[in-house]
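# Got a predicted structure here, sequence first:
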Amino acid sequence: MPASVSASRAATGGRPYHIRLNKTVGAGPRACPGPGRRSRASTVRSTASHWRVGSFAALLGLVLITGCLPAPMPSPTTPLPTALLSTPTATATATLTVTPLPSPTPTPTLSPTPLPLEATVSLEPPEVMQGHTCIVRATTNLPSRVVGRIRERPVSFVSEDGLSHVGLAGLRATDEPGELTLEMDVLADDGQRAQLTRALTVMDAGYRQETITLTPAVGALLDPAITQPELLRLAPIYALATSVIHWEGPFDWPFEGPITSQFGTRRRYSTGLVSYHTGLDIDGETGDVIVAPAKGIVVLADMLQVRGGAVILDHGAGVLSGYYHLSEVDVEVGQTLERGAPLGKMGATGVVTGSHLHWELRVNGVAVNPIEWTERAFR
């Protein structure tokens, strides 16, 4: 039995099967070869038949085993479907279009209407004698800063809360009797501004005159070449105006003694110089102790040519006091002195005719009468 048939029978489990072989008939009758002799063509046909029978038997066995027929393979010349040959077109991914929500209309915030700046001013007293001091009190309804001036001379103000302001206006001993205009600028913290003016009446103080005779050696110290540089050195010190007040109540006397020359006295020197006295001369002996009449900070402690041994104290708010002609200076610049603290000793240095203390008081650079400050509290 051919191998292909044996395989097929094995595939069917050994059960017999019948295969009908159809002989291919040629174009015309052909003679069959006799027994024992087979033609070459017959042998080829028999071989081909056996091959077909074996293939079919194998195929039939596969069908019986798997229960299905394999899909026919396309012929190499059979064109594949167009859908298989064409390049697949990518399906476009849908793009989400985000429609922005309308922004809510902001509700306008109503800003509070700022209060209008208001300011009031009072003068204590409204009538001031030459060479004296006036207290200027300003009140504002908003936190503010106040600055003032009289004939371009500054008037500084001090305030602890920005609402109540205290300023000191010193009048010169040479200001003519009549009216002076006090001008004030008020600047609120919120930017508002206001300007105020007040009339200040100047009264005649009735100052006397005196003539002073100097020795040639002392008189030589009044040469402008000596006096002017000294004045230029003192000017910025007298112009100091801090925003604090160091003193409390009326000032004490720096030394108890007779007054030999009053403040504001018109002086004529033997050298021909005419001026006025910018302080008080208090008689005493060389070596007498001079004390601070109120709390202050030392801003000058030196020996000068015209004023001799000199000490200047800054009491704050534009108020400074000077002590001249000292034989000894016992303090240093920057030192804080309490009321009654010693600062030096009386002497006869500089332009003098004898031992004494020249006590001077300045308010915003203007020399004023110190006696008034011992009788009244300027706060």
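Alright, I've got the coordinates.
# For the rest of this, base every contact and every neighbour count on C-alpha atoms.
Noted.
# after the helix or strand hosting residue 165 comes which helix or strand?
With elements taken from DSSP states H and E, the one containing residue 165 is strand 164-170. As assigned by DSSP H and E, the chain's next helix or strand after strand 164-170 is strand 178-188.
# Report all helices and strands that that next one contacts.
Judged by 3 or more Cα pairs under 8 Å, 6 or more residues apart in numbering; DSSP states H and E, strand 178-188 is in contact with strand 144-150, strand 193-203.
# any idea which of those strands is most buried?
Counting by mean count of other Cα atoms under 10 Å, strand 144-150 has the highest mean neighbour count of those, with a mean of 20.
# Mind jotting down where the strands sit in the stretch 251-379 of the chain?
259-261, 266-269, 274-276, 280-283, 289-291, 296-304, 308-316, 319-329, 336-337, 342-346, 356-363, 366-368 (DSSP state E, counting those that start in this stretch).
# now those in CSV, with distance to residue 180?
Output for the strands of the stretch 251-379 of the chain, formatted as CSV (distance: least, Cα to Cα, whole Å):
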stretch, distance to residue 180
strand 259-261, 28
strand 266-269, 22
strand 274-276, 21
strand 280-283, 26
strand 289-291, 36
strand 296-304, 31
strand 308-316, 25
strand 319-329, 21
strand 336-337, 36
strand 342-346, 37
strand 356-363, 17
strand 366-368, 15
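# closest to residue 158 out of those strands?
Residue 158 lies closest, by Cα to Cα, to one member of those: strand 308-316, at 9.4 Å.
# How about residues contacting that closest one?
Strand 308-316 is contacted by residues 240-247, 294-304, 320-329, 331, 343, 348-351 when judged by Cα atoms under 8 Å, 6 or more residues apart in numbering.
# Mind doing that once more with 7 Å?
Contacts of strand 308-316 with the rest of the structure, by Cα atoms under 7 Å, 6 or more residues apart in numbering, involve 241-247, 295-304, 320-329, 349-350.
# and what of stretch 207-214?
Contacts to stretch 207-214, defined as Cα under 7 Å, 6+ apart, come from residues 264-270, 353.
# Give the pairing partners of the strand holding residue 165; include direction for each.
Note on strand 164-170: by DSSP bridges, its sheet partners are strand 133-140 (antiparallel), strand 157-159 (antiparallel).
# Show me which residues of it are buried.
164-170 (16 or more other Cα atoms under 10 Å).
# residues in contact with it?
Residues outside strand 164-170 that contact it (Cα under 7 Å, 6+ apart): 131-140, 155-159, 363, 366, 368.
# relative orientation of that strand and strand 193-203 in degrees?
40 degrees (axes from the mean of the first three to the mean of the last three Cα atoms, to 10 degrees).
# distance between strand 164-170 and the chain's centre?
Averaging C-alpha positions (Cα atoms, centre = their mean, to the nearest Å) puts strand 164-170 31 Å from its chain's average.
# No further queries at this time; thank you.
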